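Asks: Coordinates for the following, if possible.
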Amino acid sequence: TFLRTLPLLRQTAEVRTSEPLLWYGRLVDFGSFDEALSHHQDQDRIKIKCQLDLPSEIIYAHSFHIDPNKIDKIKPRNSTIEFTIRRTGNSEENSTTGRIPSFVSQIKFKFLDVCFEFVFSAPFQLESAKFDDVDISKSIKATYIISPSQTIFPNFIKRREEFDKSNVENFETIKTIDYALHQKIQDLVHGRTKKTSISNLILHLEPISKDEFLAQIKDSQKNEGLWRKSVLDWNIDTPDFLTIRQLLWSDKLDELIELISYFLQREFQQISYITPLRAAAERYYRHQGLATNELDPKGENFAEYLRSLTRRQREDLQSWLGRALDAYIDLEESKGHVSLYLIDDKTKAKVNLADTGFGYSQLLPIAVQLWALKGFYLRGKNFTNATTLAIEQPELHLHPKIQAKVADLLMLAIDGDKSKSIKIVVETHSEALINRLGKLIQTGKLDEDSVNIVLFDKETFDSPSSVQTTTFDSNGFLKNWPLGFFSTN
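Replies: Residues are numbered from 1 along each chain as shown. Predicted coordinates:
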C-alpha cells in the first residue's frame with residue numbers, strides 16, 4: 001500500500017478528477033476513499049505530506065516579478081506541502097445527493113520562510129486561513145473565490161465582482177488585500193507620492209525571505225526616496241514590516257497556489273511504476289506502428305518500446321545491459337512481426353526471449369526502465385531533474401543469483417547522480433537483494449547514504465503495521481536490523 005501511493009499520485013495527475021485523488025485508475029485500484037482509509041484510523045481523513053525543493057526557474061516562470069539578476073539566490077530548500085483529504089458525508093448520503101465523496105479539507109505549505117494554512121468545511125468552502133499563525137480569513141474571503149481546478153488543490157481566483165457582504169461577519173471592517181496593501185504603503189511613503197508610483201513600487205516588491213525583503217525596502221528608500229526615513233530603523237520584527245510582508249504574500253496567493261500545484265503535478269507525472277508480475281515473453285509480437293516513449297507498468301509494450309528507439313538509443317541500451325547483466329536484447333523484424341533475442345555479451349550467442357525461461361521476461365522490463373530513468377537519450381531528450389520509479393517485488397520468478405543482479409541494476413541507475421534527483425522505491429521480500437546492496441557498499445561501489453531501508457511488519461493479520469527505518473554502515477552492515485526478520489522460524 002505504501003509503494004502504490006506513488007502510482008496513485010501519478011494516475012491522479014494524468015486526468016481531470018472530481019475528487020482530490022483518483023482511487024481507481026489505469027495503474028492501481030484503491031477502490032474508494034472509504035476503502036483506502038485504514039480501519040485502524042479513528043478519523044475519516046487521510047493526510048499526505050511532501051518535502052520538495054522548488055527550483056528557482058519555476059518561480060521565475062510564474063511571474064513573481066523577481067529580478068533576473070537575483071534569480072540564482074532564490075533556491076528554497078526543504079519546502080513542505082501537506083494536505084488532508086476528508087469524507088464529504090457517508091456513502092449513502094453521497095450516492096443519493098450526488099455529492100463529491102471526498103475533498104481537500106486542509107492545505108498547509110511552507111515556502112522560503114513563509115507558512116500558509118487553509119481549512120475547508122466543505123468542497124471549495126473556505127473556513128479559515130492563516131499566514132505565519134496570523135488569522136487572515138476575512139481578507140482572503142474578501143479577495144478570492146475558491147473554485148475547482150485540474151489539480152489536487154483548488155484555484156484561488158481574485159474577485160472581480162462586488163463582494164457579497166452577507167458572507168462575512170463585520171464586513172464594514174474588511175478590505176480586499178490589494179486595497180489594504182495600497183493603503184498601508186501610502187501611510188509609509190511621502191505624502192505627495194502619486195498612486196501610480198505606489199502601484200509601481202508594489203509591483204517591484206519581491207516576496208522573498210525576511211532579511212532580503214527588508215534589505216530591498218531599505219535600498220529602495222536610499223535610491224528612490226519614496227519611503228519615509230523611518231523604514232531605515234526597521235528590523236524583521238517591526239510590525240509595519242510584518243504587515244506589508246503578509247499583505248504582499250497574500251496578494252500573490254493565487255500565483256503561489258498555481259506554482260505549487262504546477263510543481264506537484266509535474267512531480268507526480270514523472271513517477272513511473274512497475275507491477276509485481278510483468279508480461280511473459282512472446283515468440284512473435286505484432287508490429288502496431290505506435291510511437292512509444294514509456295514502458296507500460298506490466299511491460300506489455302516492451303517490443304514496441306524497443307522498436308521506437310533510435311539506433312543510437314538502442315546501442316546505448318545494449319551497452320548498458322551488457323555491463324549490468326552480461327547480456328543484452330535485440331530485435332528482428334519480419335512481415336509485420338517483431339522477435340526479441342537475448343544475446344550473450346561475450347560469445348554473441350543469441351536465443352529467442354521466449355526460450356530463455358520466465359525470469360528474463362520479468363527482469364528485462366525493470367532493467368530497461370532503469371536505463372530510461374537515468375535519462376539516456378529517451379526519445380531524444382533527457383529527463384528533468386526529479387524522477388521517481390516505483391518497483392513492486394522485482395525478485396518474483398528470479399533465481400537468487402539474478403535477484404542480486406537487480407541490486408547491481410539499481411546501483412548503475414543512480415551512478416553519477418550527485419544531485420540525487422533519481423529516486424527509486426523498491427518493495428521487496430528478497431534477502432539476496434538486500435545482502436547484495438550491502439556488498440556493493442562494502443566494496444565501495446555504492447555510497448551508504450544512497451540507500452534507506454524501511455521495514456513494515458505485523459504481529460497478526462489484523463494488527464496495524466509497525467514501521468521502522470534503518471540504513472547501512474560503511475562496511476555494508478545494516479544498523480538495528482530486527483532479529484529474525486527474514487527467519488522462517
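
Asks: which residues touch the nearest residue to residue 197 once chain neighbours are set aside?
Replies: Spatial nearest neighbour of residue 197, chain neighbours left out: residue 226 (6.4 Å); criterion: Cβ to Cβ, 6 or more residues apart in numbering. Glycine gets a C-beta too; all of them are placed from N, C-alpha and C. Residues in contact with residue 226, defined by Cβ atoms under 8 Å, 6 or more residues apart in numbering, are 189-190, 193, 197, 201, 220.

Asks: Take those and keep only those in helices.
Replies: Judged by DSSP state H, helices contain the following of the contacts of residue 226: 197, 201, 220.

Asks: now the residues you listed as JSON lines including neighbour count, pLDDT and distance to residue 276?
Replies: Supplementary listing: the ones in helices among the contacts of residue 226 in JSON lines, determined by neighbours: other Cβ atoms under 10 Å; pLDDT from 0 to 100; distance: Cβ to Cβ, whole Å:
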{"residue": "197", "neighbour count": "14", "pLDDT": "88", "distance to residue 276": "64"}
{"residue": "201", "neighbour count": "18", "pLDDT": "87", "distance to residue 276": "59"}
{"residue": "220", "neighbour count": "17", "pLDDT": "87", "distance to residue 276": "60"}
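
Asks: middle-most residue in this protein, spatially?
Replies: By Cα atoms, centre = their mean, the mean C-alpha position of the chain lies nearest to residue 267, the distance being 3.7 Å.

Asks: Out of the helices and strands in this protein, which is least certain?
Replies: For the chain, counting by mean pLDDT, DSSP states H and E, helix 56-61 ranks last in confidence among helices and strands (a mean of 49).

Asks: Quick one: name whatever helix or strand follows that one.
Replies: The first helix or strand that comes after helix 56-61 along the chain, using DSSP states H and E, is strand 79-87.

Asks: who's in contact with that next one?
Replies: Taking contacts as Cβ under 8 Å, 6+ apart, the residues outside strand 79-87 that touch it are 20-21, 33-34, 44-54, 101-112, 152-153, 260, 264.

Asks: can I have it written out in CSV, keeping just the CAs?
Replies: What follows is the C-alpha trace of strand 79-87 in CSV, where atoms were taken according to Å, rounded to 0.1, in the frame of the first residue of the first chain:
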residue,chain,number,x,y,z
SER,A,79,9.8,23.3,1.3
THR,A,80,6.9,21.2,2.7
ILE,A,81,3.5,20.7,1.3
GLU,A,82,0.8,19.0,3.4
PHE,A,83,-2.8,18.3,2.5
THR,A,84,-5.7,16.4,4.2
ILE,A,85,-8.5,14.6,2.4
ARG,A,86,-11.8,14.1,4.2
ARG,A,87,-15.1,12.4,3.5
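
Asks: In JSON lines, list the contacts of residue 226 along with distance to residue 275.
Replies: Formatted as JSON lines, the contacts of residue 226 follow (distance: Cβ to Cβ, whole Å):
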{"residue": "189", "distance to residue 275": "62"}
{"residue": "190", "distance to residue 275": "67"}
{"residue": "193", "distance to residue 275": "64"}
{"residue": "197", "distance to residue 275": "61"}
{"residue": "201", "distance to residue 275": "56"}
{"residue": "220", "distance to residue 275": "57"}
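
Asks: out of these, who's nearest residue 126?
Replies: residue 201 (29.6 Å; Cβ to Cβ).

Asks: wait, what's in contact with the closest one?
Replies: For residue 201, the set of contacting residues under the criterion of Cβ under 8 Å, 6+ apart consists of 185, 189, 220, 226.

Asks: got any ranges where the stretch 151-300 of the chain has weak pLDDT?
Replies: Under the criterion pLDDT under 70, the flagged ranges of the stretch 151-300 of the chain are 161-175, 290-291.

Asks: And the helices in the stretch 301-450 of the chain?
Replies: Using DSSP state H, counting those that start in this stretch, the helices found in the stretch 301-450 of the chain span residues 302-308, 311-325, 358-373, 400-414, 431-442.

Asks: List the buried residues for the fourth one?
Replies: If you call a residue buried by 16 or more other Cβ atoms under 10 Å, then helix 400-414 has these buried ones: 402-414.

Asks: Closest one of those residues to residue 231?
Replies: The shortest approach to residue 231 among the buried residues of helix 400-414 belongs to residue 414, at 49.4 Å (Cβ to Cβ).

Asks: was I right about that closest one contacting residue 450?
Replies: Yes - under the criterion of Cβ atoms under 8 Å, residue 414 lies in contact with residue 450, with a separation of 6.1 Å.

Asks: Which ones among the contacts of strand 79-87 map onto strands?
Replies: With strands identified by DSSP state E, the entries of the contacts of strand 79-87 that belong to them are 45-52, 102-111.

Asks: how about JSON lines for the contacts of residue 201, with distance to residue 301 added?
Replies: JSON lines is the format used below for the contacts of residue 201 (distance: Cβ to Cβ, whole Å):
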{"residue": "185", "distance to residue 301": "58"}
{"residue": "189", "distance to residue 301": "63"}
{"residue": "220", "distance to residue 301": "58"}
{"residue": "226", "distance to residue 301": "62"}
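
Asks: Show me the two of these that sit farthest apart.
Replies: Taking Cβ to Cβ as the measure, those have their most distant pair in 185 and 220, spaced 11.1 Å apart.

Asks: The stretch 151-300 of the chain: helices as residue ranges?
Replies: Across the stretch 151-300 of the chain, reading from the start of the chain, the helices by DSSP H, counting those that start in this stretch fall at 177-188, 195-203, 210-224, 239-251, 253-269.

Asks: about what we covered before: any of the ones in strands among the contacts of strand 79-87 buried? List them.
Replies: By 16+ other Cβ under 10 Å, these give 46, 50, 52, 102-111 as buried.

Asks: just curious, which of the residues you listed is nearest to residue 215?
Replies: Comparing every one of those with residue 215 (Cβ to Cβ), the shortest separation belongs to residue 111, at 19.3 Å.

Asks: and residue 344, what are its bridge partners?
Replies: residue 327 (DSSP bridges).
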